[in-house]
Structures are given as structure tokens and as C-alpha cells.
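[1] Requesting a structural model of the entry that follows:
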Amino acid sequence: MAGRTSKPAALRETSGPNRDRNHTKAEIEKMQKTEEALGGNSEKVSDVPDYLSDLGKEYYSFITKEMEVSGVLKNLDIPIVVQISETLAMIRECDLDINKDGLFYMEPDRNGRDVKKKNPAVDIRDKSVSQFKQLATQLGMTPASRSNLASLNLEKQKEEEDPLAKILNRKTR
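    Predicted coordinates:
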């Protein structure tokens, strides 16, 4: 089915102006439990793959350490983190090339006249930035997705602290 990718249950809001109007709170909680079960283990996430470039390894370590707090990353997410890490390394490499050689360079045409040409690193960087944006959204690395996660965590904490909610949850189980 073509269209938008489904938002993870952890990013769906159950109240407020941006709440998910297609699913009830109970459905979202059930989806969260299912996604957690499907996510698998996370013991290998912090192991940096040795096939990454040196800069890719640095980005991989940084991303996994920063996201460890959220508990979102699972072993199944390793390929996405690898792609993000290598994409960021490629963006950095392109930036260095662009800073060194500039956006344009001069090249002689077949008649010997100098012609201004665009640095190929510019196009590679643009494609890499687009790829990073897509991948970062999948892992909740954008400010908007982090904000949604934070509001959901706060809501969950309030429910856990509420004595009435504790009693009601015991009765429904």
C-alpha cells in the first residue's frame, strides 16, 4: 500500500490538539505493547560494526549513546543506524570537499576555454541530506518526533503516579 509510512505507536499522541483521531487510547497502548514485543532485543545496539568508516563509527557511537536514554533502539534498528552514520560521514566528507574546492571549479572544454562546472560533492551532499532526513524521522531523531516522545512519556508517568489509574488498570487486566 503506497502512501505515508505508519507512525510508531510511541509517537502517537492520545490527547491534546495533535492526538491520533484514528485510534483510541487503548488501541494505541496495545499497538505500543505489540511494537515493543516485535522490536526484539537491544543488547547488540551499542556494538559498533567494524565495517563502518572511521567517521561512521564515531557517528554510530554518538547516535546509540544519545538514543540509549529513550530505549527506542533495538537490534533490528542497527541497519538504519548504520545507514544514518555512513550518511552523516558522507555529508561531512562532502562539506570538507566543498570547503576546500568551492561550489564550482573551472574545467577546459574541448576548445580549450575554461568552463565553470558545479562541484559533484554538492549533489552528493544534497542527496545524502535528503536520505538522512528520511532515516532520522524513522528513528525519532527529529525535534518534532522527540517532542512527541517526551509528551507521551510525561503522560505515561502521570498515569503511573495516579492512584485511581492504578486501581482501574488492575481491574481491566
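[2] Torsion angles phi and psi at Pro108?
    With angles defined as degrees, to the nearest 10, Pro108 sits at phi -70, psi 140.
[3] And it, how close does it get to Val115?
    7 Å (Cβ to Cβ, to the nearest Å). All C-beta spots, glycine's among them, are computed from the backbone N, C-alpha and C.
[4] again with Lys133
    Taking Cβ to Cβ, one finds Lys133 at 33 Å from Val115.
[5] got the residue ranges for the helices in the protein?
    Shown for the chain, the helices assigned by DSSP state H span residues 25-39, 54-68, 78-101, 120-139, 143-161, 163-172.
[6] ok, the closest residue to Ile98 other than its chain neighbours - how many residues close by?
    Using Cβ to Cβ, 6 or more residues apart in numbering and skipping the chain neighbours, the partner closest in space to Ile98 is Ala121 (5.2 Å). For Ala121, the neighbour count with other Cβ atoms under 10 Å is 22.
[7] residues in contact with stretch 103-117?
    Residues from elsewhere that reach stretch 103-117 (Cβ atoms under 8 Å, 6 or more residues apart in numbering): 118-119, 122.
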